[in-house]
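Undergrad: Sequence first, then the predicted structure, then my questions.
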Amino acid sequence: MKFVHIFGPQAVGKMTVGQELAKITDLKLFHNHMTIDLVSHFFDYSTKEAKRLVKLFRQEIFEEVSKSDLYGMIFTYVWMFNLESDWEYVKGLSKLFESRGATVYYVELEADLEERLERNKTPNRLEHKPKKRDIEWSENDIKQTMKKHRLNSYEGEISFGNYLRIDNTNLSAEEVAKLIKEKFQL
């Protein structure tokens, strides 16, 4: 099994790259808003109830997929590098898949703020992430999150094997997906 973890700041293109990668491989895409949006019908994501449910649903999906005979999964995530809890989450997720024989791949995406603010308004993003349809709110969220958290790693900070960092500011999602597929022979 293959587990491809795509991470980076909001609106960097994680889901869109994941969609393209799923098209050219047998990997299944699980983007982080699939659970956030499900739970948001009942609780605002900032509440403890929502966070507990999102964590629970994700964990159950990861458990079942890691035990399955699927070729693999793509998971997207905003990793806040200044939070030890996010480091532990990523390590724990990797450990779960590796303990069941999977190979874990790490793909970090980065793009400049201007490009991310443009991507924040794309039809594909708005179709698949209903909460982002309030553009004023989502742009403010992008800017505020950047002030509060470090959303890309420092050079050499990630020591995991099978790691690829891509500045996709001027690359299409299709180009990035092809780079990932070729690099990791997926």
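TA: Right, received. Where do you want to start? Worth saying up front: this structure is predicted, and the values here are computed from it rather than measured. Numbering: from 1, shown residues only.

Undergrad: what residues are up against residue 7?
TA: 14, 76, 77, 78, 79, 90, 106, 107, 108, 109 (CB atoms under 8 Å, 6 or more residues apart in numbering). C-betas here are computed from N, CA, C, even on glycine.

Undergrad: From those residues, which land in helices?
TA: 14, 90 (DSSP state H).

Undergrad: Now rank the contacts of residue 7 by neighbours and give me the top one.
TA: If you count neighbours using other CB atoms under 10 Å, the busiest of these is residue 14, which has 29 neighbours.

Undergrad: so the residue most central in space within the chain bridges to which residues?
TA: In the chain, the residue lying closest to the centroid (CA atoms, centre = their mean) is residue 76, at 1.6 Å. Counting by DSSP bridges, residue 76 is bridged to residue 6.

Undergrad: is it true that it touches residue 12?
TA: No. Under the criterion of CB atoms under 8 Å, residue 76 is not in contact with residue 12, lying 9.6 Å apart.

Undergrad: send the alpha carbons of stretch 79-94 over as PDB?
TA: Taking Å, rounded to 0.1, in the frame of the first residue of the first chain, the C-alpha atoms of stretch 79-94 are listed here in PDB:
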ATOM      1  CA  TRP A  79       0.600  21.100   8.800                       C
ATOM      2  CA  MET A  80       1.400  23.800  11.300                       C
ATOM      3  CA  PHE A  81       5.100  23.300  11.800                       C
ATOM      4  CA  ASN A  82       5.200  25.400  15.000                       C
ATOM      5  CA  LEU A  83       2.800  23.000  16.800                       C
ATOM      6  CA  GLU A  84       4.300  19.900  18.300                       C
ATOM      7  CA  SER A  85       0.800  18.300  18.200                       C
ATOM      8  CA  ASP A  86       0.800  18.500  14.400                       C
ATOM      9  CA  TRP A  87       4.300  16.800  14.200                       C
ATOM     10  CA  GLU A  88       2.900  14.100  16.500                       C
ATOM     11  CA  TYR A  89      -0.200  13.700  14.300                       C
ATOM     12  CA  VAL A  90       1.900  13.300  11.100                       C
ATOM     13  CA  LYS A  91       4.300  10.800  12.800                       C
ATOM     14  CA  GLY A  92       1.400   8.800  14.300                       C
ATOM     15  CA  LEU A  93      -0.400   8.600  10.900                       C
ATOM     16  CA  SER A  94       2.800   7.500   9.200                       C
END
